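Undergrad: This is a predicted model, with the sequence first.
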Amino acid sequence: MWSTEPLTNGTNDVCKKLGIPIIGYSPLGRGFLTGAIKSKADIKEGNILNHFDRFKDDETIKANYHVVELVNEYAKMKNASNAQIALAWIRKHNDYPDKYAKFIPIPSSSNPKRNHENNTAVELSDAEFDDINEKLSKLKIVGYRYSKDAENFLNV
């Protein structure tokens, strides 16, 4: 939900045309969309996130937290977890095969409780999906997914 470039940079269109699914790697934003990371202090020393632009400092984390707040809003409304809402949003794209390629989110966790949560589907209505998309389109995301240099390899 905070890396929507495949929807606008031509990736979706080409994958849809060729029947290639889009794999949602780290669909929970490396835990960010769950609300687990509110500040730099929430990232342990040695964690790879310390090398990614979107986690570089408290200012950047705070600047992007509006995405988490949107997910929180829907999680409360649907009596679901943030993870379930983020995953539901990705899966909802599959309800529109004329507009989107097939999307397959691949959340991961070594925690059995989180795996169960991630695999307990929550459904979004068409109106909820449209509302989330409209709100996401108005949010500015600060920082590269990885770093400026690594970003060049993401869209090859």
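TA: Noted; the coordinates are in hand. Numbering: from 1, shown residues only.
Undergrad: okay, CA-based contacts and neighbour counts for the rest of this
TA: Noted.
Undergrad: count of residues packed around the residue nearest to Val68 when sequence neighbours are not counted?
TA: Once flanking residues are discounted, Val68 sits nearest to Leu33: 5.1 Å by C-alpha to C-alpha, 6 or more residues apart in numbering. The number of residues packed near Leu33 is 25, by other C-alpha atoms under 10 Å.
Undergrad: please renumber so the chain begins at 15
TA: Right, with 15 as the first residue, what we last looked at is Leu47.
Undergrad: Contact partners for Leu47?
TA: Leu47 makes contact with Val81, Val82, Val85, Asn96, Ala97, Ala100, according to C-alpha atoms under 8 Å, 6 or more residues apart in numbering.
Undergrad: Check Ser161 and give its pLDDT.
TA: Reading off the confidence values, Ser161 has pLDDT 82.
Undergrad: correct me, but it touches Asn64?
TA: No: contact status for Ser161 versus Asn64: not in contact, 10.9 Å apart, counting by C-alpha atoms under 8 Å.
Undergrad: from the middle of its chain, how far away would stretch 35-55 be?
TA: Between the mean C-alpha location of stretch 35-55 and the chain-wide mean there is a distance of 6 Å, by C-alpha atoms, centre = their mean, to the nearest Å.
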